[in-house]
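Student: Give me a model of this one.
(one chain, ligands or ions: 1)
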Amino acid sequence: MDKIVIQGGRRLAGTVAASGAKNAALPILVSSLLTGAQCTFHDVPDLVDVRTITRLLADLGSHIERNGTSLSISTPVIEKQEASYDLVKTMRASILVLGPLVARTGRARVSLPGGCAIGARPVNLHLKALQDLGAEIDLRDGYVEAVTKGLKGTDIYFDTSTVTGTENIMMAAVLARGTTVLKNAAREPEVENLAAVLNGMGAKIRGAGTDEIVIQGVQSLDSVEERIIPDRVEVGTYMIAAAITGGEIIIENCEPTHLEALTAKLREAGVAIEPCVGGITVSGVNGVSSADITTLPYPGFPTDLQAQMMALMTVGNGISVIRETVFENRFMHVNELMRMGADIAIDGNRAIVRGVRQLQGAPVMATDLRASASLVLAGLVAEGTTELDRVYHIDRGYERIEEKLSGLGADIRRVRE
Ligand code: UD1
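Tutor: Purely as a prediction, here's the structure:
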């Protein structure tokens, strides 16, 4: 298994470009199942999760061609309506094929995603909404089976804001008869990006990006060509990297309006963030003070940046209270950060972080994608060597992270084993 080895203590400087967003690419690639026509997407990141979803699409009958960062997909015929456990178990987002398969073929059988490191993460809201649209749902042998003689538009209320739930049902509803209204829909930019793709295919969706999305069903969809939005979590991670090392960097290919919650918090902590030609400049040269954080659905502070922000707060000046409200078990990075000398106490869903003067490098273990990013950030500022094990977690969501960080002057390398 690969390791990432970091010698801490270098201030970052220079320019880095963010890749396309993983969480936009996954549903958008899946949306190609809704049409037999060719779909072309640009700025598709080359990540393990993206390869997993293309393997799943190929298994269902899609023809896929990659040309640089562009991907063309066509699925003239759905050859299989089943997503097997082998493919779904490594990535929960595979559940996204459920809506499109049912909408296009009237039937789908998808393995239920298991529990995962950051909490139970059920898919009950996806299933209830599909039932509301007229699908019969059966849970058997660890699989969910959905069948319908034709989906029918209706009003759907999501008990909790769910990102992939909103995307799954939006994709099902575009081919339903009549109008569907999604209430308490997720407002994430990735949902908007998916709606733009679907509208490009000929769907009629209004209100994506707000909590009420109205979808007027159409009979069929056509080809589309669209770009994946920049990865706001990757951008945010590099912003925090500049702050934690006391460096100053330019980040290109980013959409600052997608990062307002993080920008406000970093500014509160003393980090300077300014727009510049082609991106933003982030400077942590004046040091970092503590700030309190509560994770929330968009436009609140993203849970996908909580671990990285906690790494920053471990060396902030003062005490920071970090509250995780989206997932119930998303503090696995805490023990590893403490092994590097961080002072953190956990009280239910709150972490109380007292800034220390210096972290110490240590061998640490990645437990999930964003937790591993937080350990890399801690390693950048720690004294001595940090060795991060189980790097496959980080490869799921960060494109060439060691290359991008060493381009900014970090002493970081991958050791292949
Ligand atoms: C997506 C993102 C993930 C991010 C998360 C929250 C993708 C591929 N992944 O995950 O990176 O951390 O949004 O921003 O886009 N819930 C239920 N029942 C359901 C669905 C969700 O109870 O049927 C709960 C979850 O357990 C969680 C909360 O709702 O507590 C939000 O989860 P959700 O928005 O669905 O996360 P994902 O879409 O899985």
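Student: can you tell if the lowest-mean-pLDDT helix or strand in the chain touches the ligand?
Tutor: Ranked by mean pLDDT, DSSP states H and E, the helix or strand of the chain with the weakest confidence is helix 85-88, at a mean of 85. No. Helix 85-88 stays out of contact with the ligand when judged by Cβ under 6 Å from any ligand atom, the minimum separation being 12.8 Å. C-beta here means a position set from N, CA and C on the backbone, and glycine is covered the same way.
Student: Dump whichever helix or strand comes after that helix to CSV, restricted to CA.
Tutor: Sequence order places helix 98-105 as the next helix or strand after helix 85-88, per DSSP states H and E. Output of helix 98-105 as CSV, limited to C-alpha atoms (Å, rounded to 0.1, in the frame of the first residue of the first chain):
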residue,chain,number,x,y,z
LEU,A,98,-31.1,3.7,-8.9
GLY,A,99,-33.1,6.8,-10.1
PRO,A,100,-31.9,6.9,-13.7
LEU,A,101,-32.2,3.1,-14.2
VAL,A,102,-35.8,3.0,-12.9
ALA,A,103,-36.7,6.1,-14.9
ARG,A,104,-35.3,4.7,-18.2
THR,A,105,-36.1,1.0,-18.0
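Student: by contact count, what packs against helix 98-105?
Tutor: strand 107-111, helix 124-132, strand 143-147, helix 163-173 (3 or more Cβ pairs under 8 Å, 6 or more residues apart in numbering; DSSP states H and E).
Student: before we move on, the earlier item: in terms of secondary structure, what does the least confident helix or strand of the chain contact?
Tutor: Counting by 3+ Cβ pairs under 8 Å, 6+ apart, helix 85-88 packs on helix 48-60, strand 107-111.
Student: Return the list of strands paired to the helix or strand just after the first one, each annotated with direction.
Tutor: Per DSSP H and E, the first helix or strand lying C-terminal to helix 48-60 is strand 63-67. Each strand that strand 63-67 pairs with, and the sense of that pairing, follows from DSSP bridges: strand 70-74 (antiparallel).
Student: mean confidence score for the strand it pairs with?
Tutor: Averaged across strand 70-74, pLDDT comes to 98.
Student: so it versus helix 48-60, what angle?
Tutor: 20 degrees (axes from the mean of the first three to the mean of the last three Cα atoms, to 10 degrees).
Student: I figured Gly270 hits Ser290, correct?
Tutor: No. The criterion here is Cβ atoms under 8 Å, and Gly270 misses it with Ser290 at 9.8 Å.
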